[in-house]
Structures are given as C-alpha cells and as structure tokens.
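Q: fold the following, please.
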Amino acid sequence: MASSSGNDDDLTIPRAAINKMIKETLPNVRVANDARELVVNCCTEFIHLISSEANEICNRSEKKTISPEHVIQALESLGFGSYISEVKEVLQECKTVALKRRKANSRLENLGIPEEELLRQQQELFAQVSE
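A: Next up is the predicted model:
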C-alpha cells in the first residue's frame, strides 16, 4: 500500500508512534526493522479499510461527517465485531478527556480577565521569583 517514497509517506502512521506502541506492548522483545515496517503497513491498511467502509456507511446514511457510530458499524460489517467493546471504552475515555479540556478552557474564560492581562500577571510573578 504505502511505500517509503514520495507522497505516500503522508499516508502512513509515524514510525515513532509504532515503535512506542511496540515497546509498550512488548517491552522485553526485540523486533526487527522489517517487522516494524510490516506493522506500519498493516496498521495503515487497516485504517484505510475501516475508514473507507465507515465513509460508505456515512454516505448511505446521507451524512457528511463520519461519526464514531459509522466506524463501529464498519468494524462490525468487516468482521471486527470483537473489537467493538474496547473501541467503545476508548471512545468514552476520549470524550471524558475532551470534556475536561473544555471545562478547563471555560474556567479560564469565566474568570473575566483578558488573556493578555493573565499573561502580564504571570510574567510579573516570574519576575518576582527570579529576584
């Protein structure tokens, strides 16, 4: 699918991400470079397969944006139903993190102090500490 030349590099998962996942999953195992490359290609192909199917499901639903539900339906229709419970758990974790991020941003906005003033106060505190 994706080769290591030209524009195809944009279509692969960053090797650093794959290396990190391999190291976290198999901390005491050495993995050859060609095996790592194969994992990158398999992951890329899997993502293309799922996203293409999710896109088709999205189009059949007359929607313009692929939603998590479309991805879950794609997993089911392609025979990856055994992944769905874990996918739903990860989706819930992502929603929780996003909600916390939004709450943190809104707290800053609710202070009623302009960002420039907060930055000025922060710099002033840094200056006091370094004196």
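Q: domain ranges for this protein?
A: As given by the TED database, the domain ranges for the chain are 10-78, 81-130.
Q: most tightly surrounded among those domains?
A: domain 10-78 (a mean of 14; mean count of other Cβ atoms under 10 Å). Heads up, the C-betas are built off the backbone N, CA and C, glycines and all.
Q: on that earlier part again, now the domains of the chain as TSV including mean pLDDT?
A: As requested, the domains of the chain are arranged in TSV below (pLDDT from 0 to 100):
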stretch	mean pLDDT
domain 10-78	94
domain 81-130	84
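Q: so who does residue 81 touch?
A: Going by Cβ atoms under 8 Å, 6 or more residues apart in numbering, residue 81 touches residue 75.
Q: show me where the chain has helices.
A: Under the criterion DSSP state H, the chain contains helices at 15-25, 33-60, 68-77, 84-110, 115-130.
Q: just checking, what packs against the second one?
A: Read it as helix 33-60. On a contact count with 3 or more Cβ pairs under 8 Å, 6 or more residues apart in numbering; DSSP states H and E, helix 33-60 meets helix 15-25, helix 68-77.
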